[in-house]
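*Asks:* Mind folding the following:
(one chain, ligands or ions: 1)
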Amino acid sequence: MTPQGGPVERYARQVVFPGVGEAGQHRLTGSRVTLVGCGALGTVIANVVARAGVGFLRIVDRDYVELSNLQRQVLFDEQDAADGAPKATAAVEKLRRINSDITYEPVVADFGPDNAERLVRDVDLVLDGADNFEVRYVVNDVCVKLGKPWVYAAAIASYGVLMPIIPGQTACLRCALSDPPAAGSVDTCDTAGVLAPSPGIIGNLAAAEGIKLLIGATDQLARGLTWIDCWYNSFNRTPIETPVPDCPTCQQRHFDFLERPASSGGATLCGRDAVQVRPPAPVTLDLAQLAGRLAPVGSVRQGPHLVRLVVPPHELTIFEDGRAIVKGTADVAVARGLYARYIGV
Ligand SMILES: [Zn+2]
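*Replies:* Numbers count the residues shown, from 1 in each chain. Below you'll find the model as predicted:
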């Protein structure tokens, strides 16, 4: 139920701002957005664009809420952590209480080559709340391929970076960073930690770039790569404005990351002692049946979108799409072994 006053009152302060105005608000209300990743950055971005009044917001996230997220992931609370709720659905439940005029689509899944085109084709803009480079290069490929603007954003420790990208006009991610950094060569939340203002600042700036892109205020874009450190007090912009002439993605149109088959191996998650294992082939699990089958093995809890199995010292959170997050190990082989033993798909 929308409170009295309706959209005119809700967006009054934003409409008075000359950069937006009534025409800008009208464009925002008619706009469609996909947000990839809903952790520290993603919750900040989702909060801003939902309050600003986009028309449709799809939130894609593979993970579930934990207590250690609450220090910075602004849409979640203690109850979400106690429930171990999937982030995509928990975020949408919160956002519905903030702005019920928006059509939301929570997607509890990995964003990857197998679903990227489907999740991006019907939107006007993609916003990056991802926590790893593998996903970002898939986002870059699919956005360049389909001609969708997107905002690259990343934050860790006390610093972060962002860059708005319009395929065919600006540099793309691969123009700026020709290849993803090698695994293990960059800081992660595990090794460097994260101070809440860092994703807060970067997420808000990324959302501002997104709003400019949605209303067509492209003359005001913060073109290039913006770097901010909120602890050591630096603010820099590298002017990578035009595409690199031989960029394999936006100039030669080779979509290597999109064409790469989705990995069926495990991947260590950011920020905890856990490994994600993907099913070897696409599958939709019957969660009730799985919960019944696992009951003799250990302590089992079934939610609407997941089954949690606790077999000390491990905890397996199994999603409908066949993924499992195995907590209590950072060893991919151990995680795969537990997956094969208990889920076996
Ligand atoms: Zn490029």
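*Asks:* From P280, how far out is V194?
*Replies:* 33 Å (C-beta to C-beta, to the nearest Å). Just so you know, the C-beta spots here come from the backbone N, C-alpha and C atoms, and that holds for glycine as well.
*Asks:* And F17, by the same measure?
*Replies:* Taken as C-beta to C-beta, the span from F17 to P280 is 51 Å.
*Asks:* and T317, that's in a strand?
*Replies:* Yes - when DSSP: H, G, I helix; E, B strand; the rest coil is applied, T317 is found to be in a strand.
*Asks:* and this protein, which of its residues are near the ion?
*Replies:* Within reach of the ion by C-beta under 5 Å from the ion, the chain has these residues: 172, 174-175, 243, 247, 249-250.
*Asks:* Of those, which is the nearest to I98?
*Replies:* Taking C-beta to C-beta as the measure, I98 sits nearest to C172 out of these, at 32.4 Å.
*Asks:* can you pull the contacts of the closest one?
*Replies:* 140, 143-144, 165, 243, 247, 249-250 (C-beta atoms under 8 Å, 6 or more residues apart in numbering).
*Asks:* In strands, which of the residues of the chain next to the ion appear?
*Replies:* If you go by DSSP state E, the residues of the chain next to the ion have nothing in strands.
*Asks:* neighbour-wise, which of V194 and P280 wins?
*Replies:* Between V194 and P280, counted using other C-beta atoms under 10 Å, V194 has the larger neighbour count: 25 against 12.
*Asks:* what ranges do the strands span in the chain?
*Replies:* Ranges of strands in the chain, per DSSP E, are 32-36, 56-61, 103-108, 125-128, 150-156, 159-165, 225-229, 234-238, 266-268, 274-277, 299-302, 306-311, 314-319, 324-327.
*Asks:* Switch those strands over to CSV; also include mean neighbour count, mean pLDDT and distance to E9.
*Replies:* CSV is the format used below for the strands of the chain (neighbours: other C-beta atoms under 10 Å; pLDDT from 0 to 100; distance: least, C-beta to C-beta, whole Å):
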stretch, mean neighbour count, mean pLDDT, distance to E9
strand 32-36, 25, 98, 23
strand 56-61, 25, 98, 21
strand 103-108, 18, 97, 21
strand 125-128, 28, 98, 26
strand 150-156, 26, 96, 29
strand 159-165, 25, 97, 30
strand 225-229, 18, 96, 33
strand 234-238, 11, 95, 35
strand 266-268, 20, 59, 46
strand 274-277, 24, 88, 44
strand 299-302, 15, 93, 42
strand 306-311, 21, 93, 39
strand 314-319, 22, 93, 40
strand 324-327, 24, 91, 42
